[in-house]
Structure formats: structure tokens, C-alpha cells
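Participant: I need the structure of the sequence given here:
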Amino acid sequence: MPSDSVGAGVVSIMNKTLITTLMAATALCAVSGFAKDKEMKTGGMDAAFIPKAANGGMTEVELGKLAAEKGASQEVKDFGNQMVKDHSKANDELKEVAGKMNVTVPEKVDAKHQAMIAKMSALSGAAFDKAYVKGMVKAHKEDIALFESADKEVKNEDLKKFIENTIPVMKEHLAMIEKFDQLKK
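Facilitator: Numbering: from 1, shown residues only. Next comes the predicted model:
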């Protein structure tokens, strides 16, 4: 019988070890789940904003280049050059912030934005100017709304600062483009 009590003691110790291990694993999963939930609420939102902002910014640069090249009016050409300058700067700043956050910034625009660029490249002269001005008003209103919404949600301080510094520039662009004659035609 003594061997049975030794065997029972070993089984009891093994059961306690197994139970302790399972409890520790459960606790680790709970902590990991909490961390993942927190990441989804903070880092996830922050990380989700970056490609949206990057696509908008890269599109503004590409369309600005087209405007500078294909625009019929000098104001459209000048505005296009301003978009290239301002949005290239913003894109570089966004890449820097994303790098600090270990978030990858897309290298090129997504299919939706590429289709918009292709559509605009098929136009020229007054038709280009009218479509470009209308598109810039719409895009800037959408981008301002995106940035203002993100400003309330993002947690990363560098990203928040980027957003807060970029909104006034986009509002200035919107005010400029809304004054163009092409909107009245």
C-alpha cells in the first residue's frame, strides 16, 4: 500500500502543478486579450488612420502634378503646385510619425485613388480645371472631416500633433479652392 500512497501523492502534486499551470496560462491569455483590446482601441485606431491619411496625401500630390501640367488657368496650375509642396511635406511628416509607431505607410495609392488619378489624367484644358476644382473641394471637405474625427480618437501624441498641424493647412486649401471661378461655371 505504501507505493499506492506515494503514487497518489505524485498524482496529487502533478494535478496541482497542472492546475497552477492552467491558471497561469488563463491569466496570461486574459492579460494578452486586455492588451489586444487596448491596442485595438488606441493603437488600432491610430494605425488605421495612417493609411487613409497617406492615400489622401499621395493622391493630392499626384493630382497637383497633373494640375500644374494640364491646367488651363494659371490659378489651377498654381494651386496644383501648392498641393504638391504642402502635401509632400505632410506626407513626409506622416511617414516620420508612422515610423516612430512602427506602422507601415503605403508606398503608392490604393486602387480607388489610382482610378481617380487615371480619370483626371484623361482630361485637359477647361474640362480638367472644372473637374479638378470640384474634386479638390470634395476631397478637402472629406479629409478635414477625417482628420477632425481622428483628432478626437487617436492616442499617440505625435500623430495627434501631426493631425492638429495639418487641419489648418487643409482648411486654408479649401478656402482657396472654393474661390476659384471654375466653381461658378
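
Participant: from here on, contacts and neighbour counts on C-alpha atoms
Facilitator: OK.

Participant: so who does the residue nearest to the spatial centre of the chain touch?
Facilitator: Nearest to the centroid of the C-alpha atoms of the chain, with distances taken as CA atoms, centre = their mean, sits residue 50, at 2.1 Å. Taking CA atoms under 8 Å, 6 or more residues apart in numbering as the criterion, residue 50 is in contact with 94, 98, 103, 105.

Participant: now with 7 Å, please.
Facilitator: Taking CA atoms under 7 Å, 6 or more residues apart in numbering as the contact definition, residue 50 lies against residue 105.

Participant: list the helices and strands the helix or strand where residue 172 lies packs on?
Facilitator: Under the assignment given by DSSP states H and E, the secondary-structure element containing residue 172 is helix 157-178. On a contact count with 3 or more CA pairs under 7 Å, 6 or more residues apart in numbering; DSSP states H and E, helix 157-178 meets helix 125-153.

Participant: show me how the record splits the protein into domains.
Facilitator: Structural domains annotated on the chain: 1-40, 42-183, as defined by automatic domain parsing.

Participant: just name the most buried of those.
Facilitator: Mean neighbours per residue, mean count of other CA atoms under 10 Å, is largest over those for domain 42-183, with a mean of 17.
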